[in-house]
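1. Provided below are the primary sequence and the corresponding predicted coordinates.
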Amino acid sequence: MNEVASTFGLGFGLTIGIILFTVTVIGLLIAKTLRRVVEPNEVHIVQSRSGSLAYGKVPNATGNAYYAWPSWWPVIGVQTVVLPLSVFDMDLSDYEAYDIGKVPFVVDVVAFFRIAQPTVAAERVLDLNELQCQLKSILQGAVRTILAKHEVEEIMMERSTFGKLFTEETKDQLLAWGVENVKNIELMDIRDGAESRTISNIMAKKESLIDMQSRTEVAENSRLAQVAEIEAQRDVDVQAQVAEQKVGERTAEKDKIVGVANEQAKQEVKEQAKTTAVKEMAIQQVKEVRAAEIEKDVQVVNAGLEKETVIIKAEGNKTEKVIIAEGELTKEQLNGKGILAVGSAEAEAKRLLEMSTVDPQIALATEIGENEGYQTYLISLRGVEKDEVVGVEQAKALQAAGIKIISNTGNVSTGVDNVMDLFSTKGGTAFGGAVEALANTEQGAAILKRLGVTLPAGTTVEAAPGNGAA
């Protein structure tokens, strides 16, 4: 049972595969058969259920190939209208027409058209033959209408004009069919019909008129020839005399022209020399102006260099003066320190000298050291004597130095001691700071000047508060 089922399933699947393969092959053959590729000089308008589409080398074309499904197929069936893109002509041969006087004649007319709007043309006709029939009717109507408004003689003489009139008459009608003229319609020939002699009579009249005019002109020409011969002989005689006269006049005119030409040549040479001189003067002026500009630029550059040199020299002088001033300041400061050191040494020597008178008293005080109260008395007494002597000497030294001391310590000796501290190392540093502070005020600068102290270069003196000095 399983083998039968397997055999049945295999056979069924194989049958389905064969059917699908067959359908696919048939579909490919049908598609290949129904596929249309548009020729370069054609346009195919395919009308389907959804609308009309243009295929080919035209504006807004859908493509170049499509499938022409039979119109009887539901949903996908289409109808195709094939129209040419190339120019095609339309002939009206032996077309019978009438002029304004109902005179019959036959004309040959040629027109050249092309399809400008394929979609519009496809909506109006099914193929090119039907379109050509419609165009022929339009052309016949235009020719008949235009010729019926004019005389046959006028039509014969103005064929190009009537070609333009045919073109204008058919223009709007052709657009309604999606067609346009390539060039003006041409009226190729006009002649008699089978039972008409109108054109021949007109031609005979023209020929007789031409013959008459010819014979008349021949006779007139003969007369004119004889008259011309007589007048020619007369003219020959006159011309001979005139020639002799003109020879003389021509000779004189030649001499005159030569003389005038020579004078004009001389004048042109002078004018050219004048122009050359003016140009040379202009060139010389340009050279001089340019030389002056160069000289001016050189002077400007030299002035700039001189200015920079002066500035550099001024800066050098300024630096030199600053260095000298700083040296003078250092020198004065060293001199002040030397003077201070000498004064300190002298004061120390005097102090040691005074102390030498006190030493015996100290020894005595040691001997009597058991008497503490007496010892104290002696020391105090000697201290008073020492202070008196030292104060006197200090006063003399200060007097010699020209220094006034105002003491607010309570007694003279203490004030003098404080002043003597100035002559120590610590006092020297303080004294230097005080001198520098004094130099920055007007009163201090004046005091230092009276003492003979030279202020360093660049020192700025500040006004004392409240004195109104700048």
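-> Structure's in. What do you need? Residues are numbered from 1 along each chain as shown.
2. From the structure, what's the count of residues near residue 170?
-> 23 (other CB atoms under 10 Å). Quick note: C-beta positions are derived from backbone N, CA and C, even for glycine.
3. ok, for it, nearest residue in space, not its chain neighbours?
-> residue 142 (4.7 Å; CB to CB, 6 or more residues apart in numbering).
4. and the next element down the chain from the one helix or strand the one you found maps to?
-> Element membership for residue 142, per DSSP states H and E: helix 128-147. Remark: after helix 128-147, the chain's next helix or strand is helix 152-157, criterion DSSP H and E.
5. hang on, the earlier thing: quick one: the helix holding residue 142 to chain centroid distance?
-> 61 Å (CA atoms, centre = their mean, to the nearest Å).
6. Can you name every helix or strand that that helix contacts?
-> The contact analysis (3 or more CB pairs under 8 Å, 6 or more residues apart in numbering; DSSP states H and E) places helix 128-147 against strand 79-84, strand 88-98, strand 104-115, helix 118-124, helix 159-176.
7. Partner strands of the third one and their direction?
-> According to DSSP bridges, strand 104-115 has the following sheet partners: strand 88-98 (antiparallel), strand 179-181 (antiparallel), strand 186-191 (antiparallel).
8. Can you give the distance of it from its chain's centre?
-> Distance, centroid of strand 104-115 to centroid of chain: 61 Å (CA atoms, centre = their mean).
9. Same check on the second one?
-> Its chain's average C-alpha position is 65 Å from that of strand 88-98, according to CA atoms, centre = their mean.
10. For the stretch 51-200 of the chain, give me the ranges with low pLDDT.
-> For the stretch 51-200 of the chain, residues meeting the criterion pLDDT under 70 lie at 196-198, 200.
11. which helices and strands does the longest helix along the chain pack with?
-> The helix spanning the most residues in the chain, taking DSSP state H as the definition, is helix 198-367. Contacts defined by 3+ CB pairs under 8 Å, 6+ apart place helix 198-367 against strand 104-115, helix 152-157, helix 372-401, helix 425-439.
12. The same query, at a cut-off of 10 Å, please.
-> strand 104-115, helix 152-157, strand 186-191, helix 372-401, helix 412-420, helix 425-439 (3 or more CB pairs under 10 Å, 6 or more residues apart in numbering; DSSP states H and E).
13. Using CSV, write out every CA atom in the second one.
-> The C-alpha trace of helix 152-157 is given here as CSV (Å, rounded to 0.1, in the frame of the first residue of the first chain):
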residue,chain,number,x,y,z
VAL,A,152,-6.6,82.3,-63.4
GLU,A,153,-4.0,84.7,-64.8
GLU,A,154,-3.1,85.7,-61.3
ILE,A,155,-2.8,82.1,-60.2
MET,A,156,-0.4,81.4,-63.1
MET,A,157,1.8,84.3,-62.3
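14. List the buried residues in it.
-> 152, 155, 156 (16 or more other CB atoms under 10 Å).
15. Looking at those, spot the one nearest residue 165.
-> Nearest to residue 165 out of the buried residues of helix 152-157 is residue 155 (CB to CB; 10.5 Å).
16. Quick check, the closest one in contact with residue 147.
-> Yes: at 6.1 Å, residue 155 counts as touching residue 147 under the criterion of CB atoms under 10 Å.
17. quick one on the thing from earlier: and the strands paired with strand 104-115 as CSV, adding distance to residue 235 and mean neighbour count?
-> As requested, these are exported to CSV (distance: least, CB to CB, whole Å; neighbours: other CB atoms under 10 Å):
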stretch, distance to residue 235, mean neighbour count
strand 88-98, 57, 15
strand 179-181, 60, 19
strand 186-191, 50, 17
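18. one step back: the longest helix of the chain vs strand 104-115, what angle?
-> Helix 198-367 and strand 104-115 meet at an angle of 20 degrees, taking axes from the mean of the first three to the mean of the last three CA atoms, to 10 degrees as the criterion.
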